[in-house]
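K.L.:
After the sequence you'll find the predicted model.
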Amino acid sequence: MAAIQWSDGAPIYRQLKERVVAMMLDGLLKPGDPLPSVRQVAAEYQLNPITVSRAYQELADEALVEKRRGLGMYVTEEAAKKLLVSERERFLTEEWPQVMERIARLGLRLDELMAAGRKGDMQ
């Protein structure tokens, strides 16, 4: 895992969970890959092992990882697909309405947005 900046806005276990989710979505953690051990993550980021365990337990509760007795936690085969569906739904219900509101407030037109998107693709 890369360096993590913890924010005061959410519990650390939730921030750690979101970091693991992002790594799954980005393909850095693939189905069948092991997660670093609780002890390893706790030592590396100077966290309480209970904090790390709680993040891992939430991932397991959502069937994104599975515990293999004596071996540790592993990314499940369906994790990427489940995450993509849930993250798309979250984006469309939580983030997109705010984006649309901002677009309307700024009076932007579709052609302006498309041109700005194409400009970004060229860089």
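P.N.:
Cool, the structure landed.
K.L.:
all helices for the protein, in order.
P.N.:
Using DSSP state H, the helices of the chain run over residues 12-25, 38-45, 49-61, 79-90, 96-106, 110-122.
K.L.:
Walk me through the regions of this structure where pLDDT falls short of the threshold, as ranges.
P.N.:
1-3, 120-123 (pLDDT under 70).
K.L.:
how does it look with 50?
P.N.:
Low-confidence segments of the chain, defined by pLDDT under 50, are absent; every residue clears the threshold.
K.L.:
and it, what are its domains?
P.N.:
For the chain, automatic domain parsing gives the domain ranges 12-78, 80-122.
K.L.:
Off-centre distance for the first one?
P.N.:
Here domain 12-78 is found 11 Å from its chain centre; the criterion is Cα atoms, centre = their mean, to the nearest Å.
K.L.:
And stretch 98-115, by the same measure?
P.N.:
A distance of 26 Å separates the C-alpha centroid of stretch 98-115 from that of its chain, computed with Cα atoms, centre = their mean.
K.L.:
what sits up against it?
P.N.:
Counting by Cβ atoms under 8 Å, 6 or more residues apart in numbering, stretch 98-115 has no neighbours from elsewhere in the structure. Where you see a C-beta, it was placed from the backbone N, CA and C, and this is true even at glycine.
K.L.:
Quick check: which of the domains of the chain is nearest to residue 6?
P.N.:
Nearest to residue 6, of all the domains of the chain, is domain 12-78, at 5.6 Å by Cβ to Cβ.
K.L.:
and residue 69, which of the helices of the chain is closest to it?
P.N.:
Proximity to residue 69 (Cβ to Cβ) singles out helix 49-61 among the helices of the chain, at 13.0 Å.
K.L.:
Now that closest one - C-alpha only, CSV.
P.N.:
As requested, C-alpha coordinates have been extracted for helix 49-61 and formatted as CSV (Å, rounded to 0.1, in the frame of the first residue of the first chain):
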residue,chain,number,x,y,z
PRO,A,49,-4.5,-3.7,14.9
ILE,A,50,-8.1,-3.5,16.0
THR,A,51,-8.6,-0.6,13.6
VAL,A,52,-7.1,-2.6,10.7
SER,A,53,-9.2,-5.7,11.7
ARG,A,54,-12.4,-3.6,11.6
ALA,A,55,-11.6,-2.3,8.1
TYR,A,56,-10.9,-5.9,6.9
GLN,A,57,-14.0,-7.2,8.6
GLU,A,58,-16.2,-4.7,6.8
LEU,A,59,-14.6,-5.8,3.5
ALA,A,60,-15.4,-9.4,4.4
ASP,A,61,-19.0,-8.5,5.4
